[in-house]
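K.L.:
Let's see this in three dimensions:
(one chain, ligands or ions: 2)
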Amino acid sequence: MKERIEQIRNEVLAFLVDEKAGVEKFRLEFISKKGKISELFEGIKSVTAGDRKELGKVLNELKQLAESKFKELQESIESKSNHDLTDFDLTLPTIPNKTGSHHPLNLTRYRIIEIFERLGFNVEDGPEIEDDWHNFTALNFPENHPAREMQDTFFIEKNPDILLRTHTSNVQIRLMKDRKPPFRAIMPGRVYRNEAISARAHCFFHQVEGLYVDKNVGFSDLKQTLYHFAKEMFGKDTKIRLRPSYFPFTEPSAEIDISCLICHGKGCNVCKYSGWVEIAGSGIVHPNVLRHCGIDPEEYTGFAFGMGIERITMLRHSINDLRLFSENDIRFLKQFKSVY
Ligand code: FA5
Ligand code: MG
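P.N.:
Ligands and ions are numbered 1, 2, ... in the order given. Predicted structure coming up:
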């Protein structure tokens, strides 16, 4: 009996806890009614009356020891969990979550889409790797047109019928061939030209094509649509200018200039010191183009335009070199909105 008491005494002394559940385990094992110490008290009944007094005293001491150890354990766990909380300063600000920003060309693209969607235009898409027919022939380019020559177009070496599209006008053709008129769509995308890179021109850039084909669509619809666009995009004081131009796929054709928002007419490198910046080519869809797509030009007419996203973004943000758009300089990019 004495040995058993000594053994349990050692167990009590050696008991270690590092969490709340351990304290409860200690209580069940030693202090509870079914615990080891109660068991020992039960055992007292079987010893002689002479030893009983002595044993009772030792057992009571063990019981007190276990109870004070229990208190100690409880307190140590409690102060430990308080301590865990004070390890954190809950008043400190959190580490800022660095979010990226939208690329300025995307911000312009979103805005263009927003403006035209309100006019009932939907957004269409087409391939960047294109065949000669969709990029040139269907668009009424004559067989010997200079745009087909090597200096303007990136051809695929093994197959000169395949090229990187030089404009988004190929999507007009795909749309009109695949579906039935009327059409009212814009078609944003990347285009490629074998051109020298400068502050205002790149060998790859972005365009948004527009196409509106229905009965009785005329030049006044084109003019009013682009006028509305310029005011929405650049503010109501913006002036636009239409210059007669030539595209094989439109007749008549016009290039659209807006008043230079960078120098306000004083002259700068973006407007080539003219006070005007060309943002788009446009015109009335050539009857041959409609015919190539199986649309009767006697029944349907339409207008089309193709605008440069880089040029528009330069004007919006007073950026005087479009090379900044593709250099991925974080100091440039982080100046733009992170939410749209
Ligand atoms: C075209 O590409 C015609 N497909 C536009 C068109 C569509 C006319 C539908 C009629 C009907 P252009 O080559 O002018 O046209 O280019 C259109 C716009 O793209 C230009 O006004 C300019 O804003 C932009 N752009 C042209 N070349 C570059 C370049 N190298 N770098 C950046 N932007 C360019
Ligand atoms: Mg042009």
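
K.L.:
Tell me how many other residues surround the residue of the stretch 201-340 of the chain found nearest ligand 1.
P.N.:
Nearest residue of the stretch 201-340 of the chain to ligand 1: Gly308, at 2.3 Å (CB to the nearest ligand atom). (C-beta placed from N, C-alpha, C; glycine too.) Neighbourhood size, Gly308 [other CB atoms under 10 Å]: 23.

K.L.:
Beta-bridge partners for it, please?
P.N.:
Gln207 (DSSP bridges).

K.L.:
Tell me the pLDDT of it.
P.N.:
Looking at Gly308, its pLDDT reads 95.

K.L.:
and it, what does it touch?
P.N.:
Applying CB atoms under 8 Å, 6 or more residues apart in numbering, we find Gly308 in contact with Phe205, His206, Gln207, Ile279, Ala280.

K.L.:
same deal with Phe249?
P.N.:
Phe249 touches Leu139, Asn140, Phe141, Ser169, Gln172, Gly283, Val285, His286, Val289, Ala304, counting by CB under 8 Å, 6+ apart.

K.L.:
where's the nearest residue in space to Arg111 that is not next to it in sequence, which helix or strand?
P.N.:
Nearest non-adjacent residue to Arg111, counting by CB to CB, 6 or more residues apart in numbering: Met233, 6.6 Å away. If you go by DSSP states H and E, Met233 is part of helix 219-234.

K.L.:
Please name the nearest non-neighbouring residue to Arg109.
P.N.:
In space, Arg109 is closest to Pro188, 5.3 Å off (CB to CB, 6+ apart).

K.L.:
Go ahead and list the helix or strand containing that neighbour.
P.N.:
Using DSSP H and E, Pro188 falls in strand 183-192.

K.L.:
and that strand, is it in reach of ligand 1?
P.N.:
No - for strand 183-192, no contact with ligand 1 is found by CB under 6 Å from any ligand atom; the gap never falls below 7.2 Å.

K.L.:
which SS class is Ala256?
P.N.:
No Ala there; residue 256 is Ile. Using DSSP: H, G, I helix; E, B strand; the rest coil, the secondary structure recorded for Ile256 is strand.

K.L.:
gap between the residue nearest to Arg109 and Phe121?
P.N.:
11 Å (CB to CB, to the nearest Å).

K.L.:
And Gly302, by the same measure?
P.N.:
Taken as CB to CB, the span from Gly302 to Phe121 is 13 Å.

K.L.:
Any chance you could list residues touching both of those two?
P.N.:
Tyr212.

K.L.:
Those two: who's more crowded?
P.N.:
More crowded of Gly302 and Phe121, by other CB under 10 Å: Gly302, with 26 against 20.

K.L.:
List the contacts of the more buried one.
P.N.:
Contacts for Gly302 (CB under 8 Å, 6+ apart) come out as Pro181, Phe183, Leu211, Tyr212, Val213, Asp214, Val217, Ile284, Val285, Leu290.

K.L.:
Save the residues you listed as CSV, and put in secondary structure and pLDDT too.
P.N.:
Converted to CSV, those look like this (DSSP: H, G, I helix; E, B strand; the rest coil; pLDDT from 0 to 100):
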residue, secondary structure, pLDDT
Pro181, coil, 97
Phe183, strand, 98
Leu211, strand, 98
Tyr212, strand, 98
Val213, strand, 98
Asp214, strand, 98
Val217, coil, 97
Ile284, strand, 98
Val285, strand, 98
Leu290, helix, 98
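
K.L.:
Now for Lys2, how many residues are close by?
P.N.:
Neighbours of Lys2 using other CB under 10 Å come to 10.

K.L.:
cool, the one 3 residues further on as well?
P.N.:
As a burial measure, the neighbour count of Ile5 was computed by other CB under 10 Å and equals 18.

K.L.:
Okay, and it sits in which element?
P.N.:
Element membership for Ile5, per DSSP H and E: helix 2-14.

K.L.:
Next: Pro160.
P.N.:
Taking DSSP H and E as the criterion, Pro160 maps to strand 159-164.

K.L.:
Quick one: classify Cys268 as helix, strand or coil.
P.N.:
Cys268 is classified as coil under three-state DSSP.

K.L.:
thinking it is in contact with Ser318, fair?
P.N.:
No - contact status for Cys268 versus Ser318: not in contact, 9.6 Å apart, counting by CB atoms under 8 Å.

K.L.:
okay, the two: which has more neighbours?
P.N.:
Taking neighbours as other CB under 10 Å, Cys268 and Ser318 compare with Cys268 leading, 17 against 11.

K.L.:
how close does that one get to Ile309?
P.N.:
20 Å.

K.L.:
ditto for Ser326
P.N.:
Distance of Ser326 to Ile309, given as CB to CB: 12 Å.

K.L.:
More neighbours: those two, which one.
P.N.:
A count of neighbours by other CB under 10 Å puts Ile309 above the other of Ser326 and Ile309, at 24 against 15.

K.L.:
How about that one: what's its closest non-neighbour residue?
P.N.:
His206 (3.8 Å).

K.L.:
From what I see, the one you found and His167 are in contact.
P.N.:
No - between His206 and His167 there is no contact, the gap being 10.9 Å when judged by CB under 8 Å.

K.L.:
any common contacting residues for the two?
P.N.:
Val191.
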